[in-house]
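A.B. asks: sequence below, structure please.
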Amino acid sequence: MKKIAIPVIVILLGLYTLANAGDIDWKQIGTITPRHAKEIHSSNWSVGAETMDRDYTFYKNWKAYLGPLGVKKARIQGGWAKTEKQKGVYDFAWLDEIIFDMNDQGVEPWMCLCYGNSLYADGGGVRLGAQIPKSEDSLRAWTLWVRAMVSRYMDVIDEWEIWNEPNLRKSNAAQDYARFMLHTARHIRRIQPEAKILAMSTAGVDTKFVREVLEIAKRKNELDLIDQITYHPYTKNPDTSYPAVEKFRRMVQEFSPHLTIRQGENGCPSMRRETKALRGYDWTEVSQAKWALRRLLGDLGRDIESSYFAIMDMKYPDEMNAKGLLKSNDDQTVAYAKPAYYAVQNLASVFDNRLRRVKNFDCKVDTTKPVSAFAYENMKTGLHVVVIWLDGETPSDSVAKTKVSFTCSNVLIKKPVYVDLREGGVFEIPERNVRLDGGKNLFDKVPVYDSPVLITDRANLHIIAISEEDKRSGVVWVKRSGSLKLTALRKTYSPDAERVPIQQSRLYGRKHERSKCRCGPPQLEDTGLLPAKSRPGTGFHGGEGLPAGCDCFAHWTFGQRGQGWRARL
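C.D. replies: Numbers count the residues shown, from 1 in each chain. Alright, predicted model coming up:
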């Protein structure tokens, strides 16, 4: 498919923690390097960028965090009512800003066509759980809007989802949705014959609703208009949903083997909420990060395309929806990136199209606790990645680990390392903890808990090496490929460290009062700033270049003086 490139300059900076080794007594050799979406060819991952059609979040406030996250797709909602405020007149400016910039960042948007428009009688609702358009006049107007959308964005978007969670409203009967969905799909395909059509987008795993819609499509001989069935399986323990999901997939493929399923929306709050999915539970930023990894890797282990909902907290009229990877201020600007942002960033760095799942993977674990375990093979090198977590309970706030031993068959790992994917620390596994016995790999006393950890070959990872000096100072910097790509690490000895607002925003193009640039040789200052090495060349500060020899600093204090991070420009 064609891509439209809008030339913009974005500073990419991933902020990472030096792992809190805790009960990991192995040598830490580095941390996972974040990879920008442009550096990744393709992957299984999408992130939710929904609700901008209702102004619950604004793209300009968080767009700098999208590409650096490393996911390759983003789900957005079309916003008919926001685009057509006067009959027959479309204002696409708000969508242009989003769609073309996402594309430029290496992230492919996929479009959920929704919701209705009150300009037209019986034109459908404009919020979650809305009725679909039903009158002839509104359906005609809907069709014109859909055709205009596809015509405008077909060079960037080739995946179109029809409505969001129609099964939430009883008046959206299966036969009504089937008629509406098939009608819309026909018009999309007339303009974009190769478009992929995503249908259903059900709240939960609604086998009954989907079956009824597919039966209607089959009777009309129009199953070929549908490519994927999307669903939103919210459960407190993400791993408990899979028996229903597998049953759901079998039912879908009974209609046609070409039909696949996609987990199109799923996320977890980072605090207790009283409304929306997964409400009424004392979530934390730690349990949110675990939940996100378990959902995404649980899907990957079953060959299900997967999306995390959402990139940014969303300010609904009744309550802030705190499922975002980014914490929102009350004015809808970014307060900071939550631990879940960095966890998903780690995930995206490791799991891309280089890896394929090992089917019939055999792994025996010496614990009575329920476990999820999957293996992936690097298709170029043949080296493997094993991922494992305890899956029997809802993700907790504890980071305590249990040491277990497990045996895997036919796993090729030459230089074994251990990774806590939530934090990103990479640890060398001692020879005493690994042995090959008759074609089986025994991994002994491996720290595991209710969040995914990896056993893999070092060559499978993009790693920032950490020296002993870095460990003592708590700070490490690295210049990445490309003149404007930087990575910095921060120390995490304070219990509040992961909740400190990200104040490196200057490097995203906004100045911050604690960011400083200085020309001349580096020197320690009584402010506690850590020195960066002087390097002739140009740097970046508020969008402007710097003379040769300038050093830029950004810093915050949490605990002892001098803890912070530095970046060489």
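
A.B. asks: any weak-confidence spans in the stretch 401-550 of the chain?
C.D. replies: The stretch 401-550 of the chain contains residues with pLDDT under 70 at 467-550.

A.B. asks: oh, I was asking about the chain
C.D. replies: 1-22, 467-569.

A.B. asks: outline the domain layout of it.
C.D. replies: As given by automatic domain parsing, the domain ranges for the chain are 37-352, 357-464, 475-569.

A.B. asks: residue 24: which of these is closest?
C.D. replies: Residue 24 lies closest, by Cβ to Cβ, to one member of those: domain 357-464, at 5.3 Å. In short, each C-beta sits where N, CA and C put it, glycine included.

A.B. asks: so which of the domains of the chain is nearest residue 31?
C.D. replies: domain 357-464 (4.8 Å).

A.B. asks: between the two ends of the closest one, how far is it?
C.D. replies: End-to-end distance for domain 357-464, by Cα to Cα, to the nearest Å: 26 Å.

A.B. asks: where's that domain relative to the chain centroid, distance-wise?
C.D. replies: The chain centre lies 22 Å from the centre of domain 357-464; the measure is Cα atoms, centre = their mean, to the nearest Å.

A.B. asks: cool, stretch 152-159 as well?
C.D. replies: On the basis of Cα atoms, centre = their mean, stretch 152-159 sits 21 Å off its chain's mean C-alpha point.

A.B. asks: how about that stretch: buried residues?
C.D. replies: Using 16 or more other Cβ atoms under 10 Å as the test for burial, stretch 152-159 gives 153-154, 156-159.

A.B. asks: same thing with stretch 245-263?
C.D. replies: 245, 248-249, 251-252, 255, 259-263.

A.B. asks: make TSV out of these and add distance to residue 172 and secondary structure.
C.D. replies: TSV is the format used below for the buried residues of stretch 245-263 (distance: Cβ to Cβ, whole Å; DSSP: H, G, I helix; E, B strand; the rest coil):
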residue	distance to residue 172	secondary structure
245	22	helix
248	19	helix
249	23	helix
251	20	helix
252	20	helix
255	21	helix
259	21	coil
260	24	strand
261	20	strand
262	20	strand
263	21	strand
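
A.B. asks: could I get those residues as JSON lines with distance to residue 183?
C.D. replies: As requested, these are exported to JSON lines (distance: Cβ to Cβ, whole Å):
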{"residue": "245", "distance to residue 183": "29"}
{"residue": "248", "distance to residue 183": "25"}
{"residue": "249", "distance to residue 183": "26"}
{"residue": "251", "distance to residue 183": "24"}
{"residue": "252", "distance to residue 183": "21"}
{"residue": "255", "distance to residue 183": "19"}
{"residue": "259", "distance to residue 183": "19"}
{"residue": "260", "distance to residue 183": "23"}
{"residue": "261", "distance to residue 183": "23"}
{"residue": "262", "distance to residue 183": "22"}
{"residue": "263", "distance to residue 183": "26"}
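
A.B. asks: which non-adjacent residue is nearest residue 262?
C.D. replies: residue 305 (4.4 Å; Cβ to Cβ, 6 or more residues apart in numbering).

A.B. asks: same question for residue 256.
C.D. replies: residue 223 (5.0 Å).

A.B. asks: could you pull out the helices for the stretch 151-300 of the chain?
C.D. replies: 174-191, 207-219, 242-255, 285-300 (DSSP state H, counting those that start in this stretch).

A.B. asks: quick one: which of these is nearest residue 81?
C.D. replies: helix 174-191 (16.5 Å).

A.B. asks: report all helices and strands that the closest one contacts.
C.D. replies: Other elements packing on helix 174-191 under the criterion 3 or more Cβ pairs under 8 Å, 6 or more residues apart in numbering; DSSP states H and E are helix 136-153, strand 159-162, strand 196-203, helix 207-219.

A.B. asks: off-centre distance for that helix?
C.D. replies: 29 Å.

A.B. asks: can you point out the buried residues in it?
C.D. replies: Buried residues in helix 174-191, counted by 16+ other Cβ under 10 Å: 174, 177-182, 184-185, 188-189.

A.B. asks: and if you look at stretch 235-243?
C.D. replies: By neighbour count with 16+ other Cβ under 10 Å, stretch 235-243 contains the buried residues 235-236, 238-239, 241-242.

A.B. asks: identify the farthest-apart pair in those residues.
C.D. replies: The largest separation in the buried residues of stretch 235-243, counting by Cβ to Cβ, is between 236 and 242 at 14.1 Å.

A.B. asks: thank you kindly, that will do.
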